[in-house]
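1. quick one, structure for this:
(chains A, B, C and D)
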Protein chains: 2
Amino acid sequence: MTSFPEAFESFALKILSPDLSDAAHLRFQALARQVALEKDRSLDFDGNSSQLIFVGHGATKLVAHASEARDQIVAFHFGGEVFSVPEQDNYSYSVCALRDCSLLTFPADDFLNLAASEAGILRHLLDNTTGSLRRCREKTIALGRKTAAERVAVFLLAMSERIGMEQDGTVLLELPMSRRDIAESLGLTIETVSRQLSLLREAHVIETTGRSGIVLREMGMLKARAGYLRDAA
Amino acid sequence: MTSFPEAFESFALKILSPDLSDAAHLRFQALARQVALEKDRSLDFDGNSSQLIFVGHGATKLVAHASEARDQIVAFHFGGEVFSVPEQDNYSYSVCALRDCSLLTFPADDFLNLAASEAGILRHLLDNTTGSLRRCREKTIALGRKTAAERVAVFLLAMSERIGMEQDGTVLLELPMSRRDIAESLGLTIETVSRQLSLLREAHVIETTGRSGIVLREMGMLKARAGYLRDAA
DNA sequence: GCAAATCTTTGATCGAGATCAATGAAGGCC
DNA sequence: GGCCTTCATTGATCTCGATCAAAGATTTGC
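-> Model (predicted):
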């Protein structure tokens, strides 16, 4: 298990300015709450303040709860990433562990107050948020205009960029999320996701090993099936 | 027509720090490009750098172009708002005027370099981006998990918050966007949007006047039809 | 190593929304 | 002010993905 100072140091390296005073550094550390979240456990923020989350290691999903039994996965986040959980408005949000995780959580408003005059930190947060926004917009496009087949292809390509291991032309994926998670992220059902994966398997575009392993054999084919404007090389 | 210094001043008031030096102020001004965009005209950024847009007045849509004839409206933006247009990646983006607009555009990277040590400006941008992210996530939930009826209700409620005129219990909307725009924003077709509006009209929840006027008569009913977790008051 | 529980795959049917088609209403232009 | 173009509405049919149902894999626990 990662110890608290260790997890915080990894956060500090990524987000805090290297020339931050020790005193300021300690104030940020005092604000952090370390959470060890076991697989399938989730963190609810009934309290209404927006949170900032740092994923030390592990993999998480950010879930929005619409009316009962209708959850939408808003984003996946992996080790080293920072993201913000909105305060509860029309929906309630929770962060759930796909694998055992170590997280650091900060109340967003307190954090921003502490960082009010730290341009470097704000810049890091801005870059992170802009990245989240870009991914969220791409998801919007997929959910608004793409077929089931295209969404699954887009998902596999996105995962290949984020957690794929390249190996002589093919990409190995060890997916931390279940078919249900994929479906809830893509606005589809488990059955549809499974059928689309089967089609890709039959077309020899992918191979699957067990529940979580996927080999992307034909990246070109996959891109062609993602419904992108132009097949970027 | 708004003159350039005037449009920039309105931007400066919203985003730049009041205690910014005159020299810095001028450097930002030099970076700004003023664009008067007529209704239905759009601004393409084939060039690959991300842009920062300030809407002086008017109304705009941010459109992502997926494969031909499949556009998804990613966001609407109205007078006084700032937003970022991502650089072209898997999709190309354009900003299109719903009404005559005056815009200020900045290359995002140059702007951020200028603002590198201006915590106040970065904070404004961060707040704006976080707001965009929140709205984008809500759209994701709608597109992923909501029925056509719910999406249209959500849309009307969101517009009522942003550009509605309250009048003794009812809200008057003068929509700057067409049915096509609404459909492209909600991941539906024109026909479905029109049918849902007709249903709301028959249920006396809304009234429509001409093409763009809508009166929200029963806000409670509308909220109940939006599929929110709990009917917030 | 076997049994139980869970997750995934496959098949059959159904339905919400898309598509195709036509009519009706607004607004623009001469 | 009337014609014409464009946009919105309404109707009929079709389709993709959801739902319902069952069988097959994979993992877990003893």
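
2. where does residue A:201 land in three-state SS?
-> For residue A:201, the secondary structure call by DSSP: H, G, I helix; E, B strand; the rest coil comes out as helix.

3. which segments of chain A make up each domain?
-> Structural domains annotated on chain A: A:4-143, A:147-224, as defined by automatic domain parsing.

4. can I get these in CSV including distance to residue B:38, mean pLDDT and mean neighbour count?
-> Where you see a C-beta, it was placed from the backbone N, CA and C, and this is true even at glycine. Written out in CSV, the entries for the domains of chain A read as follows (distance: least, CB to CB, whole Å; pLDDT from 0 to 100; neighbours: other CB atoms under 10 Å in any protein chain shown):
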stretch, distance to residue B:38, mean pLDDT, mean neighbour count
domain A:4-143, 26, 92, 18
domain A:147-224, 34, 96, 17
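
5. can you lay out those as CSV showing distance to DNA strand C?
-> Written out in CSV, the entries for these read as follows (distance: least, CB to the nearest atom of the strand, whole Å):
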stretch, distance to DNA strand C
domain A:4-143, 8
domain A:147-224, 3
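
6. residue B:67: which of those domains is closest?
-> Closest to residue B:67 of those is domain A:147-224 (CB to CB; 9.0 Å).

7. do the closest one and DNA strand D meet?
-> Yes: with CB under 7 Å from any atom of the strand as the measure, domain A:147-224 is seen reaching DNA strand D through A:147, A:148, A:149, A:187, A:188, A:189, A:191, A:192, A:210, A:211, A:212.

8. the domains of chain A: which one's closest to residue B:87?
-> Ranking the domains of chain A by their distance to residue B:87 (criterion: CB to CB) puts domain A:4-143 first, at 9.1 Å.

9. show the end-to-end separation of the closest one, please.
-> Length of domain A:4-143, first residue to last, CA to CA, to the nearest Å: 39 Å.

10. centre of the chain to it, how far?
-> Relative to the chain's own centre, domain A:4-143 is displaced by 10 Å; criterion: CA atoms, centre = their mean, to the nearest Å.

11. of the residues of domain A:147-224 next to DNA strand D, which is the nearest to chain B?
-> Within those, the smallest distance to chain B is 3.4 Å, found for residue A:187 (CB to the nearest CB).

12. so that closest one makes contact with residue B:145?
-> Yes: in this structure residue A:187 lies within contact range of residue B:145 using CB atoms under 8 Å: 6.5 Å.

13. circling back to that earlier point, of all the domains of chain A, which one is nearest residue B:29?
-> domain A:4-143 (20.5 Å).

14. let me see the backbone angles for residue A:63.
-> In terms of degrees, to the nearest 10, the main-chain angles of residue A:63 are phi -110, psi 130.

15. and it, what does it touch?
-> With contacts defined as CB atoms under 8 Å, 6 or more residues apart in numbering or on different chains, residue A:63 is in contact with A:42, A:71, A:72, A:73, A:74, A:93, A:94, A:95, A:96, A:184.

16. turn the domains of chain A into a markdown table, including distance to residue B:101.
-> Rendered in a markdown table, the data for the domains of chain A read as follows (distance: least, CB to CB, whole Å):
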| stretch | distance to residue B:101 |
| --- | --- |
| domain A:4-143 | 21 |
| domain A:147-224 | 32 |
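
17. and residue B:82, which of those domains is closest to it?
-> domain A:4-143 (12.4 Å).

18. need the residues touching each of residue A:187 and residue B:145.
-> Residues touching both residue A:187 and residue B:145 by CB under 8 Å, 6+ apart: residue A:72.

19. does any part of the longest helix along chain A sit near DNA strand D?
-> The helix of greatest length in chain A, counted in residues with DSSP state H as the criterion, is given as helix A:119-145. No: applying CB under 7 Å from any atom of the strand, one finds helix A:119-145 separated from DNA strand D by no less than 10.3 Å.

20. what angle separates that helix from helix B:119-145?
-> The directions of helix A:119-145 and helix B:119-145 differ by 20 degrees, with axes from the mean of the first three to the mean of the last three CA atoms, to 10 degrees as the criterion.

21. mind giving me the packing neighbours of helix A:119-145?
-> Applying 3 or more CB pairs under 8 Å, 6 or more residues apart in numbering or on different chains; DSSP states H and E, we find helix A:119-145 packed against strand A:71-78, strand A:82-85, helix A:148-163, helix A:179-186, strand B:59-65, strand B:71-78, helix B:119-145, helix B:179-186.
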